[in-house]
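Visitor: next input, structure requested:
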Amino acid sequence: MRNMFLMAIASWATLISSYNFLLDARKASKCFSRKGDLGFVNTMQATLNFNNHSQQLELDNYFDLIGDAYISQQAYSKSRQQIKPEAFEQLFRVTTCEAAANKELATFKGYTPMAVDGSTIAIDNLPELIDYFGCSGTKVSSCTGRISIACDTLNEIVYDAAIEPYSVGERILAIRHIERLRTLDLPNLLYIFDRGYVSDEILAMLENGGEKYIMRIRDNWHSNLVETTKSGEWASFQYKGKTYNVRIIKILLDTGELEVLFTNLSEFEPDDFKQLYFMRWPVETKYDVVKNKLMLENFTGKTETTIKQDFWAIMGLSNLVAFAKLEADEKIAEKDAGKNLKYKNQANTNALIGKLKDKLILMLIINDPIMRELIFNRITSRIAHAFTVPIRPDRQVSRKPPRQNKPFNQCTKKSL
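Guide: Residues are numbered from 1 along each chain as shown. Coordinates of the predicted model:
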C-alpha cells in the first residue's frame, strides 16, 4: 500500500519551508519579515508537536529537539497571532488529498462508509471567544464551539472537518461536507447519518448528486410513509416539487426499540442494514481520539486564531495517526499470520500517538527520505510487536460502575 504517512510528511515539510506558503499564511506583509530565533517554520512545527503539557515546557522540549535557542512562551504566542488558521487547514487538506489518491484503502463491498457527525467543544469564557463562538449550557453561559467531521470509518480517515460558532447547525455543516467531498472525487461513497441529520434537503441533495446514503430517522418523521411501507420496500416523498424514491428499512433492536432507516441502496437485504448502519460507530471512536487522546480541548491559546490553529493542527495530526496505524496494522497482520488467534489484533492508537511525539518533528526537519522511512519503520515495528489490542467484533459488555471516583483510570492513561 502507498505509504500515505511518509508522503504526507514530505509534503508538509516542503510546504512549511516554502516562501510562497509563508506569503499566503501570514496575516500581513510585515509579519515574519525579519529573521529571528523563532520564525515562521519553527512556529508552525512547534504547534504541530502534539502539545499538551505546559506551553513553556513544550517549547523547551521542541528547541532541545532541534538544537536551537530557547524561546519564551510570550514570544511564541505573539508569533502565532501572525499566522492564519488556514495555514494549518491547508496541512490537513494535504492529508485528505493523499488519502483520496490511494486506491488501495479498505472498502465494504465496494463502498467507502462515510459517517458524518458533529460535536461541541468547551472553550474558555473570555469575551472575545464568547463573541465569536457563543455559549451553551443550562444558563447559556459556557463558551462553546461546534465541530463536525466526515470520516471514512473503515480506515479512520477524516476527509473533511469544520469548526464554527455554536449557532451553526449540524445539518448546515453536513451539506458543506458533502460539497467539499465532491471536490475530492471519491468513488462509491456511502454516507451514514444518525437521526439528528433528518432532512429532506440532504436526501434530495444526495439523490441529485447520485450518492448513496443510509439515514436513521426520528420518530414521527414521514410517519405516514413509515406506517404504510413494509420493511425493505420503496416509497416516495416530494421536496420542492420533485419526487424522490426512498427505501424504508425497519430493524428491531435488542432493546426492543424499532430503528427506521431511509436509504437508496437496493442491493442489500433488509437484515443487512443493522450491520451497515453500525459501520457508523467508528466516527464516535474518532472523536475519542481527537478529544481524549489528542486532547483537542486542551487548547494552547486563548484567542480565536489559536483555537482554530489547534483544531486544524489536530485534524491533520489525527490523519497522520490514522495513516501510521494502517501501516502498523499491516505489520501486525503479517506477524500474526498463521496463528490460531481468537481475535485479530490492531495497533494501540494511544501508544502510537505517544511514539509519534517528537519523532514527527524529526521527520519534518530531516530532508533525507531514507532516514524518514527508517524512523517511521522503527515506530510502526515497535507498535506491531509490543502495543497491540484485540479487535472484538459486536462486543457487548455490561460495565460495572467504579467503586469510587478516581481522578485517573488505568484504562484511559494519556499518551501525551
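
Visitor: which parts of the stretch 151-300 of the chain are helices?
Guide: 170-184, 200-208, 223-228, 273-278, 282-288 (DSSP state H, counting those that start in this stretch).

Visitor: can you say which of these is nearest to residue 323?
Guide: Distance to residue 323, taken as Cβ to Cβ, is lowest for helix 282-288 among those, at 13.9 Å. (Each C-beta comes from the backbone N, C-alpha and C, glycine too.)

Visitor: what's in contact with that closest one?
Guide: 115-117, 119, 149, 151, 153-154, 156, 158, 318 (Cβ atoms under 8 Å, 6 or more residues apart in numbering).

Visitor: for stretch 262-270, same thing?
Guide: 190, 203, 206-207, 212-215, 217, 222, 231-232, 245-251, 273, 276.

Visitor: now, which of those residues lie within strands?
Guide: 190, 212-215, 245-251 (DSSP state E).

Visitor: so among the residues you listed, which ones count as buried?
Guide: Buried subset of the ones in strands among the contacts of stretch 262-270 (neighbour count, 16 or more other Cβ atoms under 10 Å): 190, 212-215, 246-249, 251.

Visitor: isn't residue 113 right next to residue 152, touching?
Guide: Yes: taking contacts as Cβ atoms under 8 Å, residue 113 lies within contact range of residue 152: 7.0 Å.

Visitor: who touches residue 140 in this structure?
Guide: Residue 140 neighbours (Cβ under 8 Å, 6+ apart): none.

Visitor: helices or strands up against the helix or strand encompassing residue 114?
Guide: For residue 114, the enclosing helix or strand under DSSP states H and E is strand 112-122. Strand 112-122 sits against strand 142-152, helix 170-184, strand 189-193, helix 282-288, with contacts defined as 3 or more Cβ pairs under 8 Å, 6 or more residues apart in numbering; DSSP states H and E.

Visitor: and the angle for the biggest helix by length in the chain with strand 142-152?
Guide: For the chain, the helix with the greatest residue count under DSSP state H is helix 304-336. For helix 304-336 against strand 142-152, the angle by axes from the mean of the first three to the mean of the last three Cα atoms, to 10 degrees is 40 degrees.

Visitor: give me the mean pLDDT for helix 304-336.
Guide: For helix 304-336, the mean pLDDT works out to 97.

Visitor: next: stretch 252-267.
Guide: 92.

Visitor: circling back: mean confidence score for the strand holding residue 114?
Guide: Here the average pLDDT along strand 112-122 is 97.

Visitor: tell me the angle of that strand relative to strand 142-152?
Guide: Using the same axes, to 10 degrees, strand 112-122 lies at 170 degrees relative to strand 142-152.
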